[in-house]
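# requesting a structural model of the entry that follows:
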Amino acid sequence: MCGRYTLTVDPAELRELLELGEFPPDWQPRYNIAPTQAVPVVISAQDRTVELFHWGLIPSWSKDPSMASRMINARAESLHEKPAYRVPFARKRCLVLADGFYEWQHIEKSKRPFFIQLKSRQPFVFAGLWDHWTSAQGEEKRSCTIITCDPNELMSKLHNRMPVMLDRSTMWDWLDPAANPVALRALLVPYAGAMMAQPVSKLVNSPQNDTPECIKPEKA
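As a prediction, this is how the structure comes out:
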């Protein structure tokens, strides 16, 4: 799964590296992004504007927005089957901007956090889905979920799932409104590029810790 991640690149640099549009003016580098927080996403390959969505999908038909905390991830294998994901998979796909993520390895009776990123340390995106929800009182909220798949060789040592990662060569294909389901599912595979995982401080265990110390490597 993917329950914490980072986006530490300066917005101006990020726009250039990923060829993005306008960015939220108040966004600051983040070192410990957690579920239910506002996260930067892109939903259009045309204008490529970056917007802030609630992390944790709230289906448009849901009467209870609290279910979002249980829908931070969506399994790639069942997107076309689950009621919450069928329509978003067909019409509401998004890119969730990132430059690293955390996973916890079980070691005897404890869990050790690892920070995972590309060996190039370049930013990338997670493949995601989004939806638009309106409460009975008229409150509106746009939310998203990150898609997961089987792990690659590196991630299999830490967990049995990993987020679907897209780079500059595939990210806009995910947003192509003309893409057919077969082509879309072909993108939902373990990342094949060079990655690295380093043990880091347990500071990351608390979402309240959001500083560069969270990604500082520690000895294994």
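# okay, residue 26: pLDDT?
Here, the pLDDT recorded for residue 26 equals 89.
# actually residue 1, not the one I typed
Per-residue pLDDT puts residue 1 at 75.
# got the contact list for it?
By Cβ atoms under 8 Å, 6 or more residues apart in numbering, the contact list for residue 1 reads 72-73, 148, 159, 161, 163. All C-beta spots, glycine's among them, are computed from the backbone N, C-alpha and C.
# how about residue 89?
Counting by Cβ under 8 Å, 6+ apart, residue 89 touches 79-80, 129, 181, 184.
# and these, which two are the farthest apart?
Distance extremes for the contacts of residue 89: the farthest pair is 129 and 181 at 13.4 Å, using Cβ to Cβ.
# could you pick out the buried ones from the contacts of residue 1?
72-73, 148, 159, 161, 163 (16 or more other Cβ atoms under 10 Å).
# of all those, which comes closest to residue 23?
Distance to residue 23, by Cβ to Cβ, is smallest for residue 163 among the buried ones among the contacts of residue 1, at 21.6 Å.
# number of nearby residues for the residue nearest to that closest one when sequence neighbours are not counted?
Nearest residue to residue 163, sequence neighbours excluded (Cβ to Cβ, 6 or more residues apart in numbering): residue 2, at 3.9 Å. The number of residues packed near residue 2 is 25, by other Cβ atoms under 10 Å.
# and what of the one 10 residues further on?
A count of nearby residues for residue 12, using other Cβ under 10 Å, gives 9.
# from here on, count from 619
With the count now opening at 619, the last piece we talked about shows up as residue 630.
# show me the contacts for the most far-flung residue of the chain relative to its centre.
For the chain, the largest distance from the centre (Cα atoms, centre = their mean) belongs to residue 755, which lies 29.4 Å off. By Cβ under 8 Å, 6+ apart, residue 755 lies in contact with nothing.
# kindly report the same for residue 711.
By Cβ under 8 Å, 6+ apart, the contact set of residue 711 is 661, 745-748, 792-793, 802.
# could you rerun that using 10 Å?
661, 663, 697, 745-748, 762, 765, 792-795, 797, 802, 805 (Cβ atoms under 10 Å, 6 or more residues apart in numbering).
# with residue 632 instead?
Applying Cβ under 10 Å, 6+ apart, we find residue 632 in contact with 625-626, 638, 641, 645, 647, 658, 668, 715, 717, 741.
# quick one: the strands in this structure, in order.
Taking DSSP state E as the test, the strands found in the chain are 623-625, 648-651, 656-660, 668-673, 691-693, 711-716, 718-725, 728-736, 742-752, 758-767, 780-781, 783-784, 813-817.
# just put those in JSON lines and tack on mean pLDDT and distance to residue 705.
Below are the strands of the chain laid out as JSON lines (pLDDT from 0 to 100; distance: least, Cβ to Cβ, whole Å):
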{"stretch": "strand 623-625", "mean pLDDT": "98", "distance to residue 705": "25"}
{"stretch": "strand 648-651", "mean pLDDT": "98", "distance to residue 705": "26"}
{"stretch": "strand 656-660", "mean pLDDT": "97", "distance to residue 705": "17"}
{"stretch": "strand 668-673", "mean pLDDT": "97", "distance to residue 705": "16"}
{"stretch": "strand 691-693", "mean pLDDT": "97", "distance to residue 705": "13"}
{"stretch": "strand 711-716", "mean pLDDT": "98", "distance to residue 705": "11"}
{"stretch": "strand 718-725", "mean pLDDT": "93", "distance to residue 705": "26"}
{"stretch": "strand 728-736", "mean pLDDT": "94", "distance to residue 705": "31"}
{"stretch": "strand 742-752", "mean pLDDT": "96", "distance to residue 705": "8"}
{"stretch": "strand 758-767", "mean pLDDT": "96", "distance to residue 705": "13"}
{"stretch": "strand 780-781", "mean pLDDT": "98", "distance to residue 705": "21"}
{"stretch": "strand 783-784", "mean pLDDT": "98", "distance to residue 705": "21"}
{"stretch": "strand 813-817", "mean pLDDT": "97", "distance to residue 705": "32"}
